[in-house]
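**Q** Next come a sequence and a model predicted from it.
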Amino acid sequence: MPGTSRRSIVDAALAAGSGLGILAALYLIFHVVPTERVQGVVQRIFYIHVPSAWAAFTGFGLVCLGSAVHLWKGGERWDRLARASAEVGLLFCTFVLLTGPIWARPIWGVWWSWDPRLTMTVILWTIYAAYLLLRAFGGGEESVKRYAAVLGIVGAIDIPLIIVSVKIWRGIHPSVLASRGGGESGLADPWMRITLYFTAIAVLILFSWMVRIRMRLLRVEDGVESLHRDVRPA
Amino acid sequence: MKNLDFLLAGFSVVWIGIFLFLLRIDGRTRRAEDDLADLRRRLGRDEGDRESSSRT
């Protein structure tokens, strides 16, 4: 089937692209990029922490999109996109919440601070964990899918709040791409920016591949479940 | 190098997480394949039952 073979080619290209991209990103992070003068080697956590945050935001943005189209037009495909994106997005959001404290301990001297951005990221994680719990234990009825879709859309409101929180509220979370005074960037060396953007692209390719394989598995599982309903019990 | 252990911990968390996610996908794919094989077997048996009942 041409559709199936095209899907396989896209999957293989994404898998190869993410593998090679991540290897090149690791080379840049550990071999090319200079060590930050004040923070030392631990600053390199930023190159995985920030792209993970962008992947999480992309994931939850896709949950919002998939949920909105599912509510508007119906159709299992958009619902599967929302569910798969929520799972992968939550995984990357978990990385953000784990790598942040690992960086903060040697730099701030504490594992955690109830800074506005950190607190709202925890809220975001909780909203989409609730979304996935609803999907896992609520059953496969259309009403559950619609309730989850509303939660998926409402939860995405937190994303712009997290992005602007560093500017609006005076927390201690550092601004990565622009300094608070509007002056020079927090990443002074050009290789720091190149490494950050390159790693972000590699992580987003990895994210796309993970969402695709999760969506495909959801389609197969849905098909098996509907066949089970059709076949008489053994 | 100072704080190298924190750097390694940060990266390890991410790669272990991705590895566990892919492992879980692989497990669920195998389960789905087993389910499909079971369904095929049962559908084949149903077909056989239908054929034998139509002959009688």
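**A** Good, I have the coordinates.
**Q** ranges for the helices of chain B?
**A** With DSSP state H as the criterion, chain B has helices at B:4-55.
**Q** does chain B sit close to stretch A:90-109?
**A** Yes - shown here: stretch A:90-109 in contact with chain B (Cβ under 8 Å from any Cβ of the partner chain) through A:Leu91, A:Thr94, A:Phe95, A:Leu98, A:Thr99, A:Ile102, A:Trp103, A:Arg105, A:Pro106. Bear in mind the C-beta positions are built from the backbone N, C-alpha and C, glycine included.
**Q** Check what contacts the helix or strand of chain A with the lowest mean pLDDT and list those residues.
**A** Using mean pLDDT, DSSP states H and E, helix A:158-168 stands out as the lowest-scoring helix or strand of chain A, at a mean of 85. Applying Cβ atoms under 8 Å, 6 or more residues apart in numbering or on different chains, the contact partners of helix A:158-168 are A:57, A:60-61, A:116-117, A:120-121, A:123-124, A:127, A:171, A:173-175, A:180.
**Q** For that helix, C-alpha coordinates in PDB please.
**A** Taking Å, rounded to 0.1, in the frame of the first residue of the first chain, the C-alpha atoms of helix A:158-168 are listed here in PDB:
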ATOM      1  CA  ASP A 158      -1.100  27.900  31.300                       C
ATOM      2  CA  ILE A 159       1.600  27.900  28.500                       C
ATOM      3  CA  PRO A 160       1.600  31.600  27.600                       C
ATOM      4  CA  LEU A 161       1.400  32.400  31.300                       C
ATOM      5  CA  ILE A 162       4.600  30.300  31.900                       C
ATOM      6  CA  ILE A 163       6.300  32.100  28.900                       C
ATOM      7  CA  VAL A 164       5.600  35.600  30.100                       C
ATOM      8  CA  SER A 165       5.900  34.900  33.800                       C
ATOM      9  CA  VAL A 166       9.600  35.700  33.900                       C
ATOM     10  CA  LYS A 167       8.800  39.200  32.600                       C
ATOM     11  CA  ILE A 168       5.600  39.900  34.500                       C
END
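**Q** Looking only at that helix, what residues are buried by neighbour count?
**A** By 16 or more other Cβ atoms under 10 Å in any protein chain shown, the buried positions in helix A:158-168 come out as A:Asp158, A:Ile159, A:Ile162, A:Ser165, A:Val166.
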